[in-house]
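**Student:** heads up, no residue letters with this:
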(Lines give C-alpha, C1' and ligand atoms only; values in the text may rest on other atoms or scores of the structure.)
Protein backbone atom coordinates (compact mmCIF):
# COMPACT_ATOMS: atom_id res chain seq x y z
CA UNK A 1 0.00 0.00 0.00
CA UNK A 2 2.87 2.36 0.84
CA UNK A 3 4.51 1.68 -2.52
CA UNK A 4 1.23 2.34 -4.35
CA UNK A 5 0.88 5.71 -2.64
CA UNK A 6 4.49 6.56 -3.46
CA UNK A 7 4.02 5.66 -7.11
CA UNK A 8 0.84 7.75 -7.27
CA UNK A 9 2.61 10.80 -5.83
CA UNK A 10 5.55 10.38 -8.23
CA UNK A 11 3.14 10.01 -11.18
CA UNK A 12 1.32 13.21 -10.22
CA UNK A 13 4.62 15.07 -9.95
CA UNK A 14 5.70 13.73 -13.34
CA UNK A 15 2.45 14.90 -14.93
CA UNK A 16 2.69 18.35 -13.33
CA UNK A 17 6.32 18.87 -14.29
CA UNK A 18 5.70 17.42 -17.75
CA UNK A 19 2.88 19.86 -18.46
CA UNK A 20 4.99 22.74 -17.14
CA UNK A 21 7.96 21.70 -19.25
CA UNK A 22 5.74 21.43 -22.32
CA UNK A 23 4.52 24.99 -21.77
CA UNK A 24 8.12 26.14 -21.36
CA UNK A 25 9.30 24.63 -24.65
CA UNK A 26 6.08 25.34 -26.58
CA UNK A 27 7.48 28.50 -28.27
CA UNK A 28 10.41 26.43 -29.56
CA UNK A 29 8.55 23.32 -30.71
CA UNK A 30 8.67 24.32 -34.37
CA UNK A 31 12.45 25.06 -34.43
CA UNK A 32 13.12 21.82 -32.54
CA UNK A 33 10.95 19.84 -34.94
CA UNK A 34 12.59 21.39 -37.99
CA UNK A 35 16.04 20.76 -36.52
CA UNK A 36 15.17 17.09 -35.98
CA UNK A 37 13.88 16.80 -39.55
CA UNK A 38 16.97 18.46 -41.03
CA UNK A 39 19.23 16.29 -38.87
CA UNK A 40 17.54 13.14 -40.15
CA UNK A 41 17.77 14.24 -43.76
CA UNK A 42 21.42 15.32 -43.47
CA UNK A 43 22.71 12.05 -41.99
CA UNK A 44 24.57 11.09 -45.22
CA UNK A 45 26.39 14.44 -45.18
CA UNK A 46 27.27 13.96 -41.51
CA UNK A 47 28.59 10.45 -42.15
CA UNK A 48 30.74 11.79 -44.98
CA UNK A 49 32.38 14.40 -42.75
CA UNK A 50 32.78 11.87 -39.93
CA UNK A 51 34.87 9.75 -42.29
CA UNK A 52 36.81 12.78 -43.50
CA UNK A 53 37.58 13.91 -39.93
CA UNK A 54 38.59 10.38 -38.85
CA UNK A 55 35.76 9.82 -36.40
CA UNK A 56 35.51 13.27 -34.78
CA UNK A 57 31.73 13.47 -34.59
CA UNK A 58 31.49 16.93 -33.05
CA UNK A 59 33.77 18.50 -35.65
CA UNK A 60 31.76 16.81 -38.40
CA UNK A 61 28.53 18.02 -36.78
CA UNK A 62 29.86 21.59 -36.67
CA UNK A 63 30.87 21.50 -40.33
CA UNK A 64 27.52 20.00 -41.35
CA UNK A 65 25.60 22.59 -39.31
CA UNK A 66 27.59 25.44 -40.87
CA UNK A 67 26.95 24.18 -44.40
CA UNK A 68 23.23 23.69 -43.80
CA UNK A 69 22.74 27.08 -42.13
CA UNK A 70 24.70 28.81 -44.90
CA UNK A 71 22.66 27.02 -47.55
CA UNK A 72 19.49 28.33 -45.89
CA UNK A 73 20.51 31.84 -44.84
CA UNK A 74 22.44 33.01 -47.91
CA UNK A 75 19.56 32.56 -50.41
CA UNK A 76 17.11 33.87 -47.82
CA UNK A 77 19.09 37.05 -47.17
CA UNK A 78 19.67 37.64 -50.88
CA UNK A 79 15.97 37.14 -51.60
CA UNK A 80 14.91 39.49 -48.79
CA UNK A 81 17.35 42.17 -49.96
CA UNK A 82 16.29 41.96 -53.59
CA UNK A 83 12.61 41.84 -52.66
CA UNK A 84 12.92 44.88 -50.37
CA UNK A 85 14.80 46.79 -53.04
CA UNK A 86 12.18 45.94 -55.65
CA UNK A 87 9.32 46.92 -53.31
CA UNK A 88 11.00 50.23 -52.47
CA UNK A 89 11.54 51.00 -56.14
CA UNK A 90 7.94 50.13 -56.96
CA UNK A 91 6.57 52.33 -54.16
CA UNK A 92 8.72 55.28 -55.22
CA UNK A 93 7.69 54.92 -58.84
CA UNK A 94 3.99 54.64 -58.04
CA UNK A 95 3.86 57.77 -55.88
CA UNK A 96 1.82 60.56 -57.45
CA UNK A 97 4.22 63.44 -57.90
CA UNK A 98 1.41 66.00 -58.15
CA UNK A 99 -0.16 64.95 -54.84
CA UNK A 100 3.26 64.93 -53.21
CA UNK A 101 3.94 68.51 -54.35
CA UNK A 102 0.46 69.57 -53.25
CA UNK A 103 1.01 68.17 -49.77
CA UNK A 104 4.36 69.92 -49.44
CA UNK A 105 2.85 73.21 -50.69
CA UNK A 106 -0.02 73.01 -48.18
CA UNK A 107 2.34 72.50 -45.26
CA UNK A 108 4.51 75.35 -46.49
CA UNK A 109 1.52 77.74 -46.73
CA UNK A 110 0.40 76.85 -43.21
CA UNK A 111 3.86 77.53 -41.88
CA UNK A 112 4.15 80.83 -43.79
CA UNK A 113 0.76 82.05 -42.50
CA UNK A 114 1.70 81.20 -38.96
CA UNK A 115 5.03 82.92 -39.44
CA UNK A 116 3.38 86.11 -40.73
CA UNK A 117 0.98 86.22 -37.81
CA UNK A 118 3.84 85.65 -35.43
CA UNK A 119 5.82 88.54 -36.92
CA UNK A 120 2.76 90.79 -36.70
CA UNK A 121 2.43 89.89 -33.05
CA UNK A 122 6.09 90.71 -32.43
CA UNK A 123 5.77 94.08 -34.20
CA UNK A 124 2.70 94.95 -32.19
CA UNK A 125 4.49 93.98 -28.99
CA UNK A 126 7.40 96.25 -29.80
CA UNK A 127 5.05 99.15 -30.53
CA UNK A 128 3.15 98.43 -27.36
CA UNK A 129 6.29 98.49 -25.25
CA UNK A 130 7.38 101.85 -26.69
CA UNK A 131 4.10 103.54 -25.71
CA UNK A 132 2.77 104.40 -22.34
CA UNK A 133 0.47 101.78 -20.86
CA UNK A 134 -3.20 102.61 -21.36
CA UNK A 135 -5.76 100.29 -19.71
CA UNK A 136 -7.98 100.25 -22.81
CA UNK A 137 -5.08 99.50 -25.15
CA UNK A 138 -3.81 96.92 -22.69
CA UNK A 139 -7.12 95.08 -22.84
CA UNK A 140 -7.17 95.22 -26.64
CA UNK A 141 -3.59 94.01 -26.77
CA UNK A 142 -4.41 91.02 -24.60
CA UNK A 143 -7.32 90.10 -26.85
CA UNK A 144 -5.20 90.46 -29.96
CA UNK A 145 -2.45 88.36 -28.41
CA UNK A 146 -4.94 85.67 -27.48
CA UNK A 147 -6.35 85.71 -31.02
CA UNK A 148 -2.92 85.34 -32.57
CA UNK A 149 -2.02 82.60 -30.12
CA UNK A 150 -5.21 80.69 -30.89
CA UNK A 151 -4.64 81.06 -34.63
CA UNK A 152 -1.08 79.77 -34.39
CA UNK A 153 -2.14 76.90 -32.17
CA UNK A 154 -4.88 75.78 -34.57
CA UNK A 155 -2.60 75.92 -37.59
CA UNK A 156 0.14 74.02 -35.86
CA UNK A 157 -2.36 71.47 -34.60
CA UNK A 158 -3.86 71.02 -38.06
CA UNK A 159 -0.37 70.48 -39.46
CA UNK A 160 1.18 68.35 -36.74
CA UNK A 161 -1.71 66.05 -35.77
CA UNK A 162 -1.67 64.03 -39.05
CA UNK A 163 2.11 63.84 -38.85
CA UNK A 164 1.87 62.65 -35.24
CA UNK A 165 -0.71 60.00 -36.15
CA UNK A 166 1.44 58.71 -38.97
CA UNK A 167 4.47 58.76 -36.70
CA UNK A 168 2.60 56.73 -34.08
CA UNK A 169 1.55 54.24 -36.73
CA UNK A 170 5.10 53.98 -38.00
CA UNK A 171 6.38 53.59 -34.44
CA UNK A 172 3.87 50.84 -33.67
CA UNK A 173 4.73 49.06 -36.90
CA UNK A 174 8.41 49.43 -36.12
CA UNK A 175 7.94 47.98 -32.63
CA UNK A 176 5.95 45.06 -34.05
CA UNK A 177 8.55 44.53 -36.74
CA UNK A 178 11.36 44.59 -34.19
CA UNK A 179 9.47 42.08 -32.05
CA UNK A 180 8.99 39.79 -35.03
CA UNK A 181 12.66 40.12 -35.97
CA UNK A 182 13.72 39.32 -32.41
CA UNK A 183 11.44 36.26 -32.29
CA UNK A 184 12.81 35.10 -35.63
CA UNK A 185 16.39 35.52 -34.40
CA UNK A 186 15.65 33.53 -31.24
CA UNK A 187 14.02 30.80 -33.31
CA UNK A 188 17.03 30.69 -35.65
CA UNK A 189 19.46 30.44 -32.73
CA UNK A 190 17.40 27.63 -31.22
CA UNK A 191 17.28 25.87 -34.58
CA UNK A 192 21.06 26.08 -35.03
CA UNK A 193 21.83 24.88 -31.49
CA UNK A 194 19.31 22.03 -31.70
CA UNK A 195 20.58 21.00 -35.13
CA UNK A 196 24.17 20.79 -33.88
CA UNK A 197 23.28 18.68 -30.85
CA UNK A 198 20.95 16.44 -32.85
CA UNK A 199 23.80 15.78 -35.27
CA UNK A 200 26.48 15.37 -32.61
CA UNK A 201 24.54 13.51 -29.90
CA UNK A 202 21.57 12.14 -31.78
CA UNK A 203 22.28 8.46 -31.20
CA UNK A 204 23.15 8.93 -27.53
CA UNK A 205 19.96 10.96 -27.02
CA UNK A 206 17.92 8.18 -28.59
CA UNK A 207 19.61 5.50 -26.50
CA UNK A 208 19.13 7.43 -23.26
CA UNK A 209 15.49 8.05 -24.10
CA UNK A 210 14.81 4.41 -24.94
CA UNK A 211 15.53 3.34 -21.37
CA UNK A 212 12.96 5.82 -20.03
CA UNK A 213 10.08 4.78 -22.28
CA UNK A 214 8.17 1.69 -21.08
CA UNK A 215 8.04 0.19 -24.57
CA UNK A 216 10.19 -2.58 -25.98
CA UNK A 217 13.37 -1.35 -27.64
CA UNK A 218 12.58 -3.14 -30.90
CA UNK A 219 9.27 -1.30 -31.15
CA UNK A 220 10.97 2.02 -30.45
CA UNK A 221 13.50 1.33 -33.19
CA UNK A 222 10.71 0.42 -35.56
CA UNK A 223 8.95 3.72 -34.85
CA UNK A 224 12.18 5.68 -35.28
CA UNK A 225 12.93 3.94 -38.57
CA UNK A 226 9.41 4.59 -39.81
CA UNK A 227 9.68 8.24 -38.75
CA UNK A 228 12.97 8.64 -40.61
CA UNK A 229 11.58 7.01 -43.73
CA UNK A 230 8.54 9.26 -43.76
CA UNK A 231 10.56 12.42 -43.12
CA UNK A 232 12.97 11.66 -45.93
CA UNK A 233 10.11 10.72 -48.22
CA UNK A 234 8.24 13.95 -47.46
CA UNK A 235 11.32 16.10 -48.05
CA UNK A 236 12.12 14.23 -51.25
CA UNK A 237 8.52 14.52 -52.43
CA UNK A 238 8.49 18.26 -51.69
CA UNK A 239 11.62 18.98 -53.70
CA UNK A 240 10.65 16.67 -56.56
CA UNK A 241 7.21 18.27 -56.77
CA UNK A 242 8.74 21.76 -56.72
CA UNK A 243 11.23 20.89 -59.47
CA UNK A 244 8.49 19.27 -61.57
CA UNK A 245 6.16 22.23 -61.21
CA UNK A 246 8.92 24.74 -61.90
CA UNK A 247 10.09 22.90 -65.00
CA UNK A 248 6.55 22.52 -66.36
CA UNK A 249 5.75 26.18 -65.72
CA UNK A 250 8.97 27.36 -67.39
CA UNK A 251 8.34 25.17 -70.45
CA UNK A 252 4.76 26.43 -70.76
CA UNK A 253 5.90 30.06 -70.50
CA UNK A 254 8.60 29.45 -73.10
CA UNK A 255 6.07 27.93 -75.49
CA UNK A 256 3.75 30.94 -75.28
CA UNK A 257 6.57 33.38 -76.04
CA UNK A 258 8.24 34.32 -72.74
CA UNK A 259 12.02 34.30 -72.74
CA UNK A 260 14.39 33.91 -69.76
CA UNK A 261 13.72 30.20 -69.28
CA UNK A 262 16.20 29.83 -66.40
CA UNK A 263 14.78 32.80 -64.50
CA UNK A 264 11.22 31.47 -64.71
CA UNK A 265 12.44 28.00 -63.77
CA UNK A 266 14.09 29.30 -60.60
CA UNK A 267 11.15 31.52 -59.64
CA UNK A 268 8.53 28.83 -60.27
CA UNK A 269 10.55 26.24 -58.35
CA UNK A 270 10.96 28.54 -55.34
CA UNK A 271 7.26 29.43 -55.26
CA UNK A 272 6.30 25.77 -55.64
CA UNK A 273 8.08 24.97 -52.38
CA UNK A 274 5.31 26.88 -50.60
CA UNK A 275 2.10 24.84 -51.00
CA UNK A 276 -0.19 27.70 -50.00
CA UNK A 277 1.20 29.86 -52.80
CA UNK A 278 2.45 27.64 -55.59
CA UNK A 279 3.66 28.39 -59.08
CA UNK A 280 0.45 30.21 -60.03
CA UNK A 281 2.16 33.35 -58.73
CA UNK A 282 4.34 33.08 -61.85
CA UNK A 283 2.04 31.89 -64.60
CA UNK A 284 -1.14 33.76 -63.55
CA UNK A 285 0.30 37.29 -64.09
CA UNK A 286 1.80 36.12 -67.38
CA UNK A 287 -1.62 34.84 -68.47
CA UNK A 288 -3.16 38.19 -67.51
CA UNK A 289 -0.50 40.01 -69.54
CA UNK A 290 -1.29 37.82 -72.56
CA UNK A 291 -5.02 38.58 -72.22
CA UNK A 292 -4.33 42.29 -71.93
CA UNK A 293 -2.38 42.25 -75.19
CA UNK A 294 -5.01 40.15 -76.99
CA UNK A 295 -3.19 36.79 -77.10
CA UNK A 296 -6.22 34.80 -75.96
CA UNK A 297 -5.10 31.45 -77.34
CA UNK A 298 -1.78 31.55 -75.54
CA UNK A 299 -3.46 32.76 -72.36
CA UNK A 300 -6.01 29.92 -72.40
CA UNK A 301 -3.25 27.40 -73.07
CA UNK A 302 -1.17 28.74 -70.17
CA UNK A 303 -4.17 28.72 -67.79
CA UNK A 304 -5.05 25.16 -68.80
CA UNK A 305 -1.50 23.92 -68.26
CA UNK A 306 -1.18 25.77 -64.96
CA UNK A 307 -4.51 24.53 -63.64
CA UNK A 308 -4.73 20.97 -64.94
CA UNK A 309 -1.07 19.92 -65.11
CA UNK A 310 0.91 22.06 -62.69
CA UNK A 311 -1.86 22.25 -60.10
CA UNK A 312 -2.31 18.48 -59.84
CA UNK A 313 1.35 17.52 -60.22
CA UNK A 314 2.11 18.38 -56.60
CA UNK A 315 -0.41 15.96 -55.13
CA UNK A 316 0.42 13.18 -57.60
CA UNK A 317 4.18 13.30 -56.98
CA UNK A 318 3.76 13.51 -53.21
CA UNK A 319 1.33 10.60 -53.20
CA UNK A 320 3.49 8.22 -55.20
CA UNK A 321 6.74 9.13 -53.46
CA UNK A 322 5.12 8.55 -50.08
CA UNK A 323 3.68 5.29 -51.34
CA UNK A 324 7.03 3.99 -52.58
CA UNK A 325 9.38 5.27 -49.87
CA UNK A 326 7.18 5.49 -46.78
CA UNK A 327 5.01 2.49 -47.75
CA UNK A 328 1.80 4.46 -47.41
CA UNK A 329 -1.30 3.64 -49.41
CA UNK A 330 -1.90 6.24 -52.15
CA UNK A 331 -5.28 7.22 -50.71
CA UNK A 332 -3.85 7.53 -47.20
CA UNK A 333 -0.91 9.59 -48.48
CA UNK A 334 -3.21 11.85 -50.52
CA UNK A 335 -5.61 12.42 -47.62
CA UNK A 336 -2.80 13.00 -45.11
CA UNK A 337 -1.15 15.63 -47.33
CA UNK A 338 -4.35 17.57 -48.07
CA UNK A 339 -5.75 17.14 -44.56
CA UNK A 340 -2.53 18.29 -42.94
CA UNK A 341 -2.37 21.28 -45.28
CA UNK A 342 -5.93 22.29 -44.42
CA UNK A 343 -5.58 21.73 -40.67
CA UNK A 344 -2.04 22.93 -39.92
CA UNK A 345 -1.19 25.11 -42.88
CA UNK A 346 2.25 24.90 -44.46
CA UNK A 347 3.73 22.54 -41.87
CA UNK A 348 0.79 20.17 -42.25
CA UNK A 349 2.33 19.00 -45.54
CA UNK A 350 5.15 17.49 -43.47
CA UNK A 351 3.30 16.64 -40.25
CA UNK A 352 0.28 14.95 -41.87
CA UNK A 353 2.13 12.04 -43.54
CA UNK A 354 4.38 11.62 -40.49
CA UNK A 355 1.39 11.28 -38.17
CA UNK A 356 -0.33 8.86 -40.55
CA UNK A 357 2.77 6.69 -40.94
CA UNK A 358 3.56 6.60 -37.21
CA UNK A 359 -0.06 5.74 -36.47
CA UNK A 360 0.14 2.90 -38.98
CA UNK A 361 3.33 1.62 -37.33
CA UNK A 362 1.75 1.84 -33.87
CA UNK A 363 -1.28 -0.13 -35.03
CA UNK A 364 1.03 -2.81 -36.42
CA UNK A 365 2.96 -2.95 -33.12
CA UNK A 366 -0.27 -3.16 -31.14
CA UNK A 367 -1.52 -5.94 -33.40
CA UNK A 368 1.74 -7.87 -32.88
CA UNK A 369 1.53 -7.47 -29.12
CA UNK A 370 -2.12 -8.49 -29.10
CA UNK A 371 -1.37 -11.66 -31.05
CA UNK A 372 1.52 -12.53 -28.74
CA UNK A 373 -0.66 -11.92 -25.69
CA UNK A 374 -3.44 -14.08 -27.11
CA UNK A 375 -1.06 -16.94 -27.93
CA UNK A 376 0.51 -16.75 -24.48
CA UNK A 377 -2.89 -16.79 -22.84
CA UNK A 378 -4.07 -19.78 -24.87
CA UNK A 379 -0.86 -21.65 -24.15
CA UNK A 380 -1.24 -21.02 -20.44
CA UNK A 381 -4.80 -22.31 -20.53
CA UNK A 382 -3.67 -25.43 -22.42
CA UNK A 383 -0.94 -26.10 -19.88
CA UNK A 384 -3.47 -25.86 -17.08
CA UNK A 385 -5.69 -28.45 -18.75
CA UNK A 386 -2.72 -30.82 -19.20
CA UNK A 387 -1.80 -30.36 -15.57
CA UNK A 388 -5.35 -31.20 -14.46
CA UNK A 389 -5.35 -34.34 -16.63
CA UNK A 390 -1.98 -35.42 -15.23
CA UNK A 391 -3.46 -35.35 -11.73
CA UNK A 392 -5.93 -38.08 -12.74
CA UNK A 393 -3.30 -40.36 -14.30
CA UNK A 394 -2.46 -42.34 -11.12
CA UNK A 395 -6.08 -43.38 -10.63
CA UNK A 396 -6.24 -44.56 -14.22
CA UNK A 397 -3.06 -46.54 -13.84
CA UNK A 398 -4.35 -48.38 -10.69
CA UNK A 399 -7.50 -49.59 -12.41
CA UNK A 400 -6.78 -52.95 -14.08
CA UNK A 401 -7.97 -53.31 -17.63
CA UNK A 402 -9.87 -56.34 -18.85
CA UNK A 403 -7.62 -59.25 -19.84
CA UNK A 404 -7.61 -60.43 -23.41
CA UNK A 405 -9.45 -63.63 -24.39
CA UNK A 406 -6.22 -65.48 -25.19
CA UNK A 407 -4.97 -64.87 -21.71
CA UNK A 408 -8.25 -66.17 -20.29
CA UNK A 409 -7.94 -69.37 -22.31
CA UNK A 410 -4.41 -69.93 -21.12
CA UNK A 411 -5.47 -69.41 -17.58
CA UNK A 412 -8.40 -71.80 -17.96
CA UNK A 413 -6.17 -74.44 -19.56
CA UNK A 414 -3.73 -74.14 -16.73
CA UNK A 415 -6.53 -74.47 -14.26
CA UNK A 416 -7.92 -77.53 -15.96
CA UNK A 417 -4.46 -79.11 -16.09
CA UNK A 418 -4.12 -78.46 -12.40
CA UNK A 419 -7.50 -79.97 -11.67
CA UNK A 420 -7.04 -83.11 -13.75
CA UNK A 421 -4.60 -84.88 -11.44
CA UNK A 422 -6.97 -84.34 -8.57
CA UNK A 423 -9.68 -86.13 -10.51
CA UNK A 424 -7.44 -89.07 -11.58
CA UNK A 425 -6.48 -90.05 -8.07
CA UNK A 426 -9.73 -91.88 -7.27
CA UNK A 427 -9.44 -93.90 -10.45
CA UNK A 428 -5.94 -94.97 -9.54
CA UNK A 429 -7.07 -95.85 -6.10
CA UNK A 430 -9.91 -97.93 -7.50
CA UNK A 431 -7.54 -99.85 -9.75
CA UNK A 432 -5.36 -100.96 -6.83
CA UNK A 433 -5.96 -104.55 -5.76
CA UNK A 434 -7.53 -104.96 -2.48
CA UNK A 435 -5.50 -106.50 0.17
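**Tutor:** On my side now, so go ahead. Not measured: the values here are computed from a predicted model.
**Student:** Do I have it right that residue 282 meets residue 248?
**Tutor:** No: Residue 282 is not in contact with residue 248 according to C-beta atoms under 8 Å; the separation is 11.0 Å. C-betas here are computed from N, CA, C, even on glycine.
**Student:** Let me see the domain layout of this protein.
**Tutor:** Domain assignment for the chain, taken from automatic domain parsing, gives 27-96+103-210, 217-374.
**Student:** gap between the two ends of the first one?
**Tutor:** The straight-line separation of the ends of domain 27-96+103-210 (C-alpha to C-alpha, to the nearest Å) is 25 Å.
**Student:** Let me know the average pLDDT across it.
**Tutor:** Average pLDDT, domain 27-96+103-210: 73.
**Student:** From residue 272, how far out is residue 266?
**Tutor:** Residue 266 is 11 Å from residue 272, where distance means C-beta to C-beta, to the nearest Å.
**Student:** Report the spatially nearest residue to residue 282, omitting neighbours in sequence.
**Tutor:** residue 268 (4.7 Å; C-beta to C-beta, 6 or more residues apart in numbering).
**Student:** do the same with residue 45
**Tutor:** Per C-beta to C-beta, 6+ apart, closest to residue 45 is residue 64, 5.4 Å.
**Student:** mind putting the domains of the chain in TSV, mean neighbour count and distance to residue 17 included?
**Tutor:** Shown next, in TSV, are the domains of the chain (neighbours: other C-beta atoms under 10 Å; distance: least, C-beta to C-beta, whole Å):
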stretch	mean neighbour count	distance to residue 17
domain 27-96+103-210	13	17
domain 217-374	17	23
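**Student:** now those domains in a markdown table, with distance to residue 14?
**Tutor:** Formatted as a markdown table, these follow (distance: least, C-beta to C-beta, whole Å):
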| stretch | distance to residue 14 |
| --- | --- |
| domain 27-96+103-210 | 15 |
| domain 217-374 | 19 |
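**Student:** Out of those, the one nearest residue 12 is which?
**Tutor:** Nearest to residue 12, of all those, is domain 27-96+103-210, at 22.3 Å by C-beta to C-beta.
**Student:** residues touching the residue nearest to residue 45, list them.
**Tutor:** Neighbour list for residue 64: 42, 45-46, 49, 199 [criterion: C-beta atoms under 8 Å, 6 or more residues apart in numbering].
**Student:** Can you tell me which of the domains of the chain is nearest to residue 13?
**Tutor:** Of those, nearest to residue 13 by C-beta to C-beta is domain 27-96+103-210, at 19.6 Å.
**Student:** before we move on, the earlier item: any idea how far residue 317 is from the residue nearest to residue 282?
**Tutor:** Counting by C-beta to C-beta, the gap from residue 268 to residue 317 is 15 Å.
**Student:** Quick check: which of the domains of the chain is nearest to residue 4?
**Tutor:** domain 217-374 (24.4 Å).
**Student:** for the closest one, how far is the first residue from the last?
**Tutor:** First residue to last in domain 217-374 (C-alpha to C-alpha) measures 21 Å.
**Student:** and residue 281, what pLDDT?
**Tutor:** 83.
**Student:** C-terminal to the helix or strand hosting it, what's the next element?
**Tutor:** Assigned by DSSP states H and E, residue 281 belongs to helix 280-292. Following helix 280-292 in sequence order, the next helix or strand is helix 296-304 (DSSP H and E).
**Student:** just the angle between that following helix and helix 280-292, please?
**Tutor:** 160 degrees (axes from the mean of the first three to the mean of the last three C-alpha atoms, to 10 degrees).
**Student:** Other residues contacting the following helix or strand past helix 296-304?
**Tutor:** Using DSSP H and E, the helix or strand that follows helix 296-304 in sequence is helix 311-325. Residues from elsewhere that reach helix 311-325 (C-beta under 8 Å, 6+ apart): 229-230, 232-234, 236-238, 240-241, 244-245, 248, 272, 275, 278, 280, 328-330, 333-334, 336-338, 349, 353.
**Student:** Was I right to think residue 347 contacts residue 31?
**Tutor:** No: counting by C-beta under 8 Å, residue 347 does not reach residue 31; the two are 11.8 Å apart.
**Student:** List the contacts of the closest residue to residue 257 other than its chain neighbours.
**Tutor:** Leaving aside its sequence neighbours, residue 257 sits nearest to residue 298 (C-beta to C-beta, 6+ apart; 6.6 Å). Listed by C-beta under 8 Å, 6+ apart, the contact set of residue 298 reads 256-257, 290.
**Student:** what does residue 231 give?
**Tutor:** So residue 231 contacts 37, 40-41, 350, 354 (C-beta under 8 Å, 6+ apart).
**Student:** and which of these is nearest residue 18?
**Tutor:** residue 354 (22.0 Å).
**Student:** Identify the residues contacting that closest one.
**Tutor:** Per C-beta under 8 Å, 6+ apart, neighbours of residue 354: 227, 230-231, 234.
**Student:** can you tell me how far residue 279 sits from residue 368?
**Tutor:** Going from residue 279 to residue 368 by C-beta to C-beta gives 44 Å.
**Student:** With residue 244 instead?
**Tutor:** Residue 244 is 38 Å from residue 368, by C-beta to C-beta.
**Student:** for residue 228, helix, strand, or coil?
**Tutor:** Under DSSP: H, G, I helix; E, B strand; the rest coil, residue 228 falls in the helix class.
**Student:** All further residue positions should be reported with the first residue as 29.
**Tutor:** Yes, from this point I'll number from 29; that puts the last item at residue 256.
**Student:** State the helix or strand in which the nearest residue to it once chain neighbours are set aside lies.
**Tutor:** Nearest residue to residue 256, sequence neighbours excluded (C-beta to C-beta, 6+ apart): residue 68, at 5.2 Å. Secondary structure from DSSP H and E places residue 68 in helix 57-69.
**Student:** what's whatever helix or strand comes next after that helix in contact with?
**Tutor:** Using DSSP H and E, the helix or strand that follows helix 57-69 in sequence is helix 71-80. For helix 71-80, the external contacting residues (C-beta under 8 Å, 6+ apart) are 84-85, 87-89, 91-92, 95-96, 227.
**Student:** Would you mind measuring from residue 277 to residue 288?
**Tutor:** For residue 277, the distance to residue 288 - C-beta to C-beta - is 13 Å.
**Student:** And residue 34, by the same measure?
**Tutor:** Relative to residue 288, and taking C-beta to C-beta, residue 34 is found at 73 Å.
**Student:** just residue 224 next, same as before
**Tutor:** 39 Å.
**Student:** for residue 407, same thing?
**Tutor:** Distance, residue 407 to residue 288, by C-beta to C-beta: 73 Å.
**Student:** Next: residue 321.
**Tutor:** 18 Å.
**Student:** just to revisit the earlier point, now the residue nearest to residue 73: which helix or strand?
**Tutor:** Using DSSP H and E, residue 92 falls within helix 85-122.
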